[in-house]
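**Student:** Give the three-dimensional model of this entry:
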Amino acid sequence: MSQFLIDNSWTLFLDRDGVINHEQVDGYVNTWDDFTFYAGVQEAIKIFAARFKYIIIITNQRGVGRGITQPENLQIVHQNMTKAMEAAGGRIDAIYFCTDVNKDSPNRKPQTGMALQAKQDFPDINFSKSIMVGNNFSDMEFGRGIGAATIFLPTTKKDVLVTDTKIDAIYPSLIDFAKSL
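**Tutor:** Below you'll find the model as predicted:
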């Protein structure tokens, strides 16, 4: 990421499943028992906390909209995840999630509604001084939609081309990206 002069005025947007924690194959993270951090994530969040002004999670959570994941369990997952990151010396400034089932929802990635919510809550966010990290092309499209740089983690999709114009850089994991800063 040497092409970016990241300082404490930048915002880091992170997808959740497939970036912070392992995705459930053919399912959802329905409870805290289903949630498993990727190795090095808590260390990465600590590194990011020293570099970025805001660290914001942007996550589609269709399982809630489908009635598979209970809203209170999603809240418990987010509370426990945040506490674990804080205990490791990191922080999460906000979590935005979209439970809509409809792919055309203005808040569902790749649409940019969750970024607009973040900007409303944190008016000094500058999207051109932001990075979106994700493991899906919808994350990359979301990043492009707000004018952010994009980092792709091939945790669940291994056949990604480095030349894809939606992607600025590819790292094997969140900790690899953090250590590159």
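
**Student:** Longest strand in the chain, by number of residues?
**Tutor:** Longest strand in the chain, counting residues (DSSP state E): strand 54-60.

**Student:** Direction included, what does it pair against?
**Tutor:** strand 11-14 (parallel), strand 94-98 (parallel) (DSSP bridges).

**Student:** For L174, find the nearest of those.
**Tutor:** L174 lies closest, by CB to CB, to one member of these: strand 11-14, at 7.7 Å. Bear in mind the C-beta positions are built from the backbone N, C-alpha and C, glycine included.

**Student:** pLDDT on that closest one, on average?
**Tutor:** Mean per-residue pLDDT for strand 11-14: 98.

**Student:** Relative to the whole chain's centre, how far out is the longest strand of the chain?
**Tutor:** 5 Å (CA atoms, centre = their mean, to the nearest Å).

**Student:** what's in contact with it?
**Tutor:** 11-17, 20, 45, 48-49, 78, 90-98, 108-109, 114-115, 118, 122, 125, 132, 138, 142 (CB atoms under 8 Å, 6 or more residues apart in numbering).

**Student:** so after it, what's the next helix or strand?
**Tutor:** helix 62-65 (DSSP states H and E).
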